[in-house]
Every structure is written in C-alpha cells, then in structure tokens.
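> coords please:
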Amino acid sequence: MKKSGLNTNQTKSSNRSMTLQLLFSHGILSRTDIANHLNITTAAVTMIVNEFLNEGLLVQKEDYFPESQPRAGRRRAPLTVNYDWKYILAIDIHSYYINIALTNLKGDILVECPSLTPTGSDPRTLCSNIAKECIKMLWEFSISTEKILGAGITIIGPVNQDEGIALHPFRLFEHPVPVKQYFEEEFSFPAAVESNVCAFLLSELLYTDITTRAQNILMLKWGPGVGSAMAIRGQVYKGYNYQSTEIGHNQITEKNGQKCNCGRIGCLEPSISADAIVDFIKKNTVSCPDGELAELKKTIGSPSRGNLSQYLDTAGDTCILWDFLTTCAHALAGVTNNAIHILAPDKLVLMGDLFEHDSIVKLFSEQLYLINPMLPSDLCIKHQPFSNKKYIGPTAIAVSQLLLPL
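Modelled structure (predicted):
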C-alpha cells in the first residue's frame, strides 16, 4: 500500500512558511518561541532561520535584551523580519481613483505617486497605463526591479485570487478582467491580486496576533461603500465563485430603493455610503441656508468625498447630520447583526474611512448593542494595521502569495 502524507521537503517548506508567518504577526521571537509555537525541535528551527539569515530575510535583534536581564553565558539574540529585504509595488484600484506606492514588507510607504484617474477604454489598456506609471516611478527614484518582490494589487469587487481575475469590478468594467495576466505582461516580476476588503482582512491576520484571540473574524468596511470579509479558523473564507461575505449588498427594501453599483435595487450600500452622506449634506445646505451645515460649508467648502472627514469632525452630536449618521449606523448595525447570527464571529473588525473616526466607531457600536445587547462587550475592535498604512492591503496580499509560500 502506498503511504500518504507530507514528505520531508513539503514539511520543511511548510515549517519555513509558518516560521515567517509567526515573525510577521508577533514581530520578534526567539528560536525557542518559534519551536514551541510550531511544535518542532529547536534544531529544526535553527536550520530554517539560518537559511533566512543567510538570505538576509531575517535579522537578529542584538539590542533586544533588557538591561535588567543578566547575560550569563552565550545567548542568541531573538529574530525579526528584515522588512527592507525586498519592496512591494502596491497598487489599489478603485472606480474613481488609483493609488500607487512602493512599500517595504511591513507596508511602510517608501515612495508614493499622486492618485491617478482610471484611463483606458478597455481593461488591458487600463492595466497597461497603470503599469507604465509604476515603471516610471521606479525609474525616477532609481529603484532596481531586482529589489522588487512583486506587485500587490487590490481591486473592488470579488476576485479569483488563485488566477488573479477580477470577477466583477463594479463601475469599472462589466466583465471579468485577468488583472494578474495583464500586469505580468508589463512587469518583469510577479503580481498578486485580491479584493480590497479581503486584502485588508489578510493584513489583520498577517501583521497582528489576532488569531491567538480569535479564529473566526468578520471584517466590516464602511466608506466610501460598505464591504465585508470573513476569516474562518484564521483563513480568509470565500464561497461559491470566490464570493466573500457581502453585507453591503443585503437587500433592505424591495420598492423605491436606490440602484446599487452591483446593478440591483434596494441594497444597503447606496443608502449609507459616503456619497449618500455627502448628498444629505448638500441637500440640507440648500433646504436650510441658515442651518449649521450651511455655516460649515462656508469654511469647509462644498461637501464632497474629499472633505467629508472635516464635516464629520466638525459637526457636533446635536447637528442634524448626526441624526442622519445615526440612521445610517442603525441600518448597518441591523444587517451586521444578522450576519453575526449566521457567521458567529469571535471578533468584528471595523475599518474604512468612516470608521477612522472614533465617534463613528462609538456610534455604530452603540447601535449594534442596542439591537442585540447579548453580544460580547469586546466583540468590536478597530483595524490596527490600517492606521497610517493605507497600502497595507496590497502589501499583505503580495507577502502572502509571493513570499510566504517559499
């Protein structure tokens, strides 16, 4: 009978990958820590990390030992990832804008281009135009392509991450787009592609130790639209045809609803999106020319996506805008609560432009617990890697697909 199971090379490859994942999520670990986490011998860990040290991917933190800790005998310094070992070309594609930057392996921005407007009447031309801007950026800053691990590309809508195909890039194109293929035709390095929300969830799994506290995680993104993704047992979950959870596309009305970007009528997203909030402010400044929002308009300017944060930061909780935001938060909380009942997450991670405001996080949480007071008090947490690292999603997908399988 033929025996089944992992062979030595497969086991070593798996241990290499898990070692890197541990160091990415924990930051600094000793060889003993790694061995205990992976349930393998320290000798096996030493062989793995020595290879990484020789490659330059890992470094030893010689200055990590506390001054108060005695240094009897020879001690090996703990390990951490050399985040500047390779760089990531991070590309974030939306319907109205495209962001491009060069990051290190931790998502720190090294070089950033001004936001671009999507150009090109067909998908191949669009991808080619973006790629040319990326190559121009690398050339202008004298970055060798040999220093690039690869491109991490996030895009709106569901994505077949295995083949790098955007299945339904809302508001960009009506048909599936082989994004990975188009970019790799232009680049001399590989590309990895994922939906923006799934990539941000992956960054939570990769760069934090959240899986030590929660295995089943629901991520909720609010702003400009409403997106969501789910991790089950520490892995991003996708169902039929690579679909992730779609809280924003839950139908909340059958009649007289607004048309959603997905093409359907009555989805939650168009009624609470950033554009919906901007439209509310615009209408109120016209209907109430002496009102508080009209006064804010005089100093902030005509409401738009670009200055919405200023309105949110300036408008007090007695302002009519706060009443509208409460209605939006309640609607989002209601649909989210339904998803919680079905998916039973250990944690609900909040991210997005609106959730960058602590007042909005507090408002949403209050509405959620108002609807369901039986929820755990520590269910909601704010997405940590997102703060000051807007390219953490593209970076995470590149690291996950192009580095960790090594």
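
> just the endpoints, please. Distance across stretch 204-219?
By Cα to Cα, to the nearest Å, the extent of stretch 204-219 from end to end equals 9 Å.

> any idea of the mean pLDDT for it?
The average pLDDT for stretch 204-219 rounds to 90.

> distance of the residue lying closest to C288 once chain neighbours are set aside from S309?
Nearest residue to C288 in three dimensions, chain neighbours excluded: A294, at 6.1 Å (Cβ to Cβ, 6 or more residues apart in numbering). Any C-beta I mention is one placed from the backbone N, CA and C, and that applies to glycine too. In this view, A294 and S309 are 19 Å apart by Cβ to Cβ, to the nearest Å.

> next: T395.
24 Å.

> tell me which of those two has more neighbours.
The neighbour comparison of T395 against S309 (other Cβ atoms under 10 Å) goes to T395, with 32 against 16.

> quickly find the element holding the closest residue to that one other than its chain neighbours.
Excluding the flanking residues, the one nearest T395 by Cβ to Cβ, 6+ apart is G107, at 4.2 Å. Using DSSP states H and E, G107 sits within no helix or strand.

> how about the residue sitting nearest the centre point of the chain, secondary structure?
Among the residues of the chain, the one closest to the centroid is F200, at 1.3 Å (Cα atoms, centre = their mean). What DSSP: H, G, I helix; E, B strand; the rest coil gives for F200 is helix.

> list the contacts of the closest residue to it other than its chain neighbours.
Excluding the flanking residues, the one nearest F200 by Cβ to Cβ, 6+ apart is G393, at 4.5 Å. Contacts for G393 (Cβ atoms under 8 Å, 6 or more residues apart in numbering) come out as D92, G152, T154, E194, N196, A199, F200, L202, S203.

> can you pick out the most distant pair from those?
D92 and L202 (14.0 Å; Cβ to Cβ).

> surely L57 and T80 touch.
No. Assessed by Cβ atoms under 8 Å, L57 is found out of contact with T80, at 10.5 Å.

> neighbours of the residue nearest to T395, how many?
Using other Cβ under 10 Å, G107 has 26 neighbouring residues.

> and for Q235?
Each residue near Q235 was counted by other Cβ under 10 Å, and the total is 12.

> beta partners for it?
Beta-bridge pairing for Q235 (DSSP bridges): I232.

> can you give me the distance of it to Q21?
According to Cβ to Cβ, Q235 and Q21 sit 12 Å apart.

> and what of C113?
According to Cβ to Cβ, C113 stands 30 Å off from Q21.

> just H341 next, same as before
Using Cβ to Cβ, H341 is found at 31 Å from Q21.

> again with N337
Look at N337 and Q21: by Cβ to Cβ, they are 32 Å apart.

> what about these two, which has more around it?
Under the neighbour definition other Cβ under 10 Å, N337 and Q21 were set side by side, and Q21 has more, 19 against 16.

> name the nearest residue to the more buried one, ignoring sequence neighbours.
Once flanking residues are discounted, Q21 sits nearest to L404: 6.2 Å by Cβ to Cβ, 6+ apart.

> tell me the spacing between the one you found and L22.
Going from L404 to L22 by Cβ to Cβ gives 11 Å.

> swap in T212?
Per Cβ to Cβ, T212 is found 11 Å from L22.

> neighbour-wise, which of those two wins?
L22 (17 against 11).

> roughly how far does the more buried one sit from W85?
Taking Cβ to Cβ, one finds L22 at 17 Å from W85.

> helices and strands around the helix ranked longest in the chain, which ones?
Ranked by residue count, the top helix of the chain under DSSP state H comes out as helix 320-343. Here helix 320-343 touches strand 217-222, strand 226-232, helix 269-272, helix 274-287, helix 292-300, helix 308-314, helix 358-371, going by 3 or more Cβ pairs under 8 Å, 6 or more residues apart in numbering; DSSP states H and E.

> returning to what we had before: now the contacts of G393 as JSON lines including distance to P270?
As requested, the contacts of G393 are arranged in JSON lines below (distance: Cβ to Cβ, whole Å):
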{"residue": "D92", "distance to P270": "22"}
{"residue": "G152", "distance to P270": "29"}
{"residue": "T154", "distance to P270": "22"}
{"residue": "E194", "distance to P270": "24"}
{"residue": "N196", "distance to P270": "18"}
{"residue": "A199", "distance to P270": "23"}
{"residue": "F200", "distance to P270": "22"}
{"residue": "L202", "distance to P270": "27"}
{"residue": "S203", "distance to P270": "27"}
